[in-house]
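[1] Requesting a structural model of the entry that follows:
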Amino acid sequence: MNATKMIILLAGLGLGLVVYMLDQAAGGVADGAADPAADAQEVAVTDVPDGPVARVTEEELAEGFVPLIREWENGGFNKHGWNHYGPGWFTLDHETGILQTHGGMGLLWHSEPLGDFVLRLEFMTSVPESNSGIFLRVPEVPVSDDYIYHSFEIQIHDTAEEAIHQTGAVYDAEAPSALQHTGGVFDAEAPTDHREHPPGVWHDMEVSFVGDRIIVALNGEQVTDWVAEPRGKISEFAARGYIGLQNHDWDTSVYFRNIRVKKLD
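    This is a model prediction of the structure:
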């Protein structure tokens, strides 16, 4: 290497070092560096609701339910197997196993595709206007927002104007039905009955998707029983796919815990 080339090389290295030092001093993030929001996904949350840790019961384990928020053998929860697509993120409180939505709209999806299943979870909203949902059978790994047209969403949004967009509905496809019993038989043709699910309180949700039939129960009461078909924004749906939790906006939060699933196929 001649002297001229050596001088050029040393000058380039020196300029690179100066740029790096200035970037660090300014607290900037270089192009291609990790997004700080991604690191925040695993930071323990301190502003989650108070309450005891919720865990899958021994009876549920015997029935075949599996927790999707796992616990380490030495204590603490983790969300291994979950991935996030889109704006915003979820945080996990490692001591309580509580997920919290931040920003959006994005999707936290579990990496094991399911066909027929029963899903149970608990959710809590921060305010009555909180908005989220549970996506069923997302057919492909999300790389765009196209999944919203190919997978049904069980809605969480108590103050939506239309019943078809309220808590317990299959979003944009089937509104929750009123619970009316005659001789113990559920009347699926009963008029819509919007029930409030106040913020700051944990609510139980159970969703079963068997074949093309979706059944939703809230706090032990069946609110939706529907034979699925393309409707509303849904152009088609798959026989198998991923479960996803939605983070919707920056103004509200929804909390999830004790997510467990029973595979039926």
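
[2] Am I right that P230 is in contact with A238?
    No: in this structure P230 lies outside contact range of A238 using C-beta atoms under 8 Å: 11.7 Å. For every residue, glycine as well, the C-beta is placed using N, CA and C.

[3] If you count surrounding residues, which of the two has more?
    More crowded of P230 and A238, by other C-beta atoms under 10 Å: A238, with 15 against 12.

[4] Quick check: closest non-adjacent residue to that one.
    P139 (3.8 Å; C-beta to C-beta, 6 or more residues apart in numbering).

[5] wait, what's in contact with that neighbour?
    Y147, H150, S151, F237, A238, R240, G241 (C-beta atoms under 8 Å, 6 or more residues apart in numbering).

[6] Kindly recompute the last result at 10 Å.
    P113, D146, Y147, H150, S151, E236, F237, A238, A239, R240, G241, Y242 (C-beta atoms under 10 Å, 6 or more residues apart in numbering).

[7] what residues do P230 and A238 have in common as contacts?
    Joint contacts of P230 and A238 (C-beta under 10 Å, 6+ apart) are H150.

[8] I'd guessed R213 sits against L264; true?
    No: applying C-beta atoms under 10 Å as the test, R213 and L264 come out as separate, 11.5 Å apart.

[9] coming back round to it: distance check, the residue nearest to A238 against G244.
    Taking C-beta to C-beta, to the nearest Å as the measure, P139 falls 11 Å from G244.

[10] Identify the contacts common to those two.
    With C-beta under 10 Å, 6+ apart as the test, P139 and G244 both reach Y147, S151.

[11] re the thing from before, now do the shared contacts for R213 and L264.
    D116.

[12] Count the residues that sit near S144.
    There are 9 residues near S144, going by other C-beta under 10 Å.

[13] so what pLDDT did it get?
    Note on S144: pLDDT of 94.

[14] Repeat that for A34.
    Reported pLDDT for A34: 35.

[15] Also D249?
    Taking D249 on its own, its pLDDT is 91.

[16] before we move on, what about S177?
    81.

[17] wait, it sits on G168?
    Yes: between S177 and G168 there is a contact at 9.2 Å, judged by C-beta under 10 Å.

[18] Between the two, point out the one with more neighbours.
    G168 (27 against 23).

[19] Find me the pLDDT at the more buried one, would you?
    pLDDT at G168 comes out at 95.

[20] what about it, distance to G115?
    Distance from G168 to G115, by C-beta to C-beta: 23 Å.

[21] residue ranges for the strands of the stretch 151-265 of the chain, please.
    152-156, 181-182, 185-186, 203-210, 213-218, 221-227, 242-247, 254-263 (DSSP state E, counting those that start in this stretch).

[22] Given the last one, what are its sheet partners and their directions?
    I take that to be strand 254-263. Partner strands and pairing direction for strand 254-263 (DSSP bridges) are strand 66-67 (antiparallel), strand 98-102 (antiparallel), strand 117-125 (antiparallel).

[23] Work out the gap between the longest one and the centre of the chain.
    From the chain centre to the centre of strand 117-125 is a distance of 10 Å (C-alpha atoms, centre = their mean, to the nearest Å).

[24] Tell me the helix or strand right after it.
    strand 132-138 (DSSP states H and E).

[25] Give me the buried stretch members for stretch 89-106, please.
    89-94, 96-106 (16 or more other C-beta atoms under 10 Å).

[26] Give me the subset of those that lies in strands.
    Secondary structure defined by DSSP state E assigns W89, F90, T91, L92, D93, I98, L99, Q100, T101, H102, G106 of the buried residues of stretch 89-106 to strands.
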